[in-house]
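S.K.: Okay, here's the prediction I keep looking at, along with the sequence it came from:
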Amino acid sequence: MFVKKFIEKNKNLLSYIRFIYFNRKFRKTKPKNIYINYNRKEIKKIYDFKKNSKILFLQTQVGRGGAKWLMDILNSIDDVTAFGERNPKQESYFRYCNSHNVKIYNEQFLDLLKSEIISDWENGNISYVSSPYFSHGIKYLYENLKPKKLIILVPSAEKLINSFKNKGWYKDGVKSDINQFFDTINKFDSHFYGRIINLSVSKEKFNSLSQIGKISLFISTTLERIYNEISTIDKNKILIFRINEADQNYEYFKKFVSKLGLELNINKKKFLSFKKRTAANHENLNIFLSEEEKIECKKYLSNYNFYEKKFLQEFDSRHISK
């Protein structure tokens, strides 16, 4: 009885400790980049030689959408090397630049990404590369990498608001002017570049918003940007992944994987066990909004809901076996 009460009372703390433990184990599975020190010409030559006989899947999302869980399960499939946010500092700077439509880092970042992909191809035939930081610039990456499929994670707004809030996004404010591009600061100093992207509002307006208002603006603007970038890409190349439907849904996941041309060989019991390694109670606590926050949510999330529907209606988003 005592142990049960202790666990219940401290479940969030225990969840955090467990999360740290499994997150460290997960990060240790990051594929080794054996081509990191090769120059652009060498990387391009190897990539161009291998791309016709190998497979690449490219994925992006607003963030906080279950990507780590998805990567973990995909890695159970033979011949697949999947991982997300391999180089968060460089990836966040790529997004930061592209949010301002500044292309100064695109080619250098493409070299880095290609070196990761061809390293995956040394270990198997299938590379699956994911990052929320691809949200701005995803069209450039798609056109230059030519993946077999482009996967977009589209969670519900409510799920995102909860997760970003519990993660602490914009809790301490933002000192930089998000509407202005700065090229003098140390570009690889921090992955928090991913939080100060251009959201097309003034610094004063952004700072006047509550934490929830800032998060709502961020997720809405980012989802819109992803849609606008992929809207001209062949729809047959795009798959939508819905964590709302996929969460602990074995049949949904099997159908989604089959559309990648892969086969999920683990049984349902094994599948259900993966969530314990990548999801944590403290990241998914229910939140309660003030009246001010509800007003801000309603204002910005109408845009998110609009583009969420467009994703679900225009691209392949149904992965339920009939």
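M.R.: Everything's here; your move. Residues are numbered from 1 along each chain as shown.
S.K.: Tell me the buried residues in the helix or strand Lys255 falls within?
M.R.: Taking DSSP states H and E as the definition, Lys255 sits inside helix 250-258. Applying a neighbour-count criterion of 16 or more other CB atoms under 10 Å, one finds Tyr250, Tyr252, Phe253, Lys254, Lys255, Phe256, Val257 buried in helix 250-258. Backbone N, C-alpha and C define where each C-beta goes, glycine included.
S.K.: Save the residues you listed as CSV, and put in distance to Ile161 and pLDDT too.
M.R.: Formatted as CSV, those follow (distance: CB to CB, whole Å; pLDDT from 0 to 100):
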residue, distance to Ile161, pLDDT
Tyr250, 27, 94
Tyr252, 23, 95
Phe253, 24, 94
Lys254, 29, 95
Lys255, 28, 96
Phe256, 24, 96
Val257, 28, 96
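S.K.: can you redo these as a markdown table with distance to Ser76?
M.R.: Listed next are those as a markdown table, based on distance: CB to CB, whole Å:
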| residue | distance to Ser76 |
| --- | --- |
| Tyr250 | 13 |
| Tyr252 | 16 |
| Phe253 | 11 |
| Lys254 | 12 |
| Lys255 | 16 |
| Phe256 | 14 |
| Val257 | 10 |
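S.K.: how much space between the closest residue to Glu314 other than its chain neighbours and Gln313?
M.R.: Setting aside the residues directly before and after it, Glu314 is nearest to Lys235 in space (CB to CB, 6 or more residues apart in numbering), at 6.7 Å. Distance, Lys235 to Gln313, by CB to CB, to the nearest Å: 11 Å.
S.K.: Correct me if wrong, but Asp177 is in a helix.
M.R.: No: counting by DSSP: H, G, I helix; E, B strand; the rest coil, Asp177 is not part of a helix but coil.
S.K.: Renumber starting at 606 from here on
M.R.: In the new numbering, first residue 606, that becomes Asp782.
S.K.: can I assume it is in contact with Glu809?
M.R.: No: contact criterion CB atoms under 8 Å: Asp782 and Glu809 do not qualify, at 9.5 Å.
S.K.: Those two: which has the busier surroundings?
M.R.: Asp782 (15 against 9; other CB atoms under 10 Å).
S.K.: ok, now which ones touch that one?
M.R.: If a contact means CB atoms under 8 Å, 6 or more residues apart in numbering, then Asp782 has Lys808 as its contacts.
S.K.: For the protein, give me the ranges with low pLDDT.
M.R.: By pLDDT under 70, the low-scoring segments of the chain are 606-633, 789-791, 793, 882-890, 926-927.
S.K.: Pull the distance from the host helix or strand of Thr686 to the chain's centre.
M.R.: Assessed by DSSP H and E, Thr686 sits inside strand 685-689. With CA atoms, centre = their mean, to the nearest Å as the basis, strand 685-689 stands 13 Å off its chain's centre.
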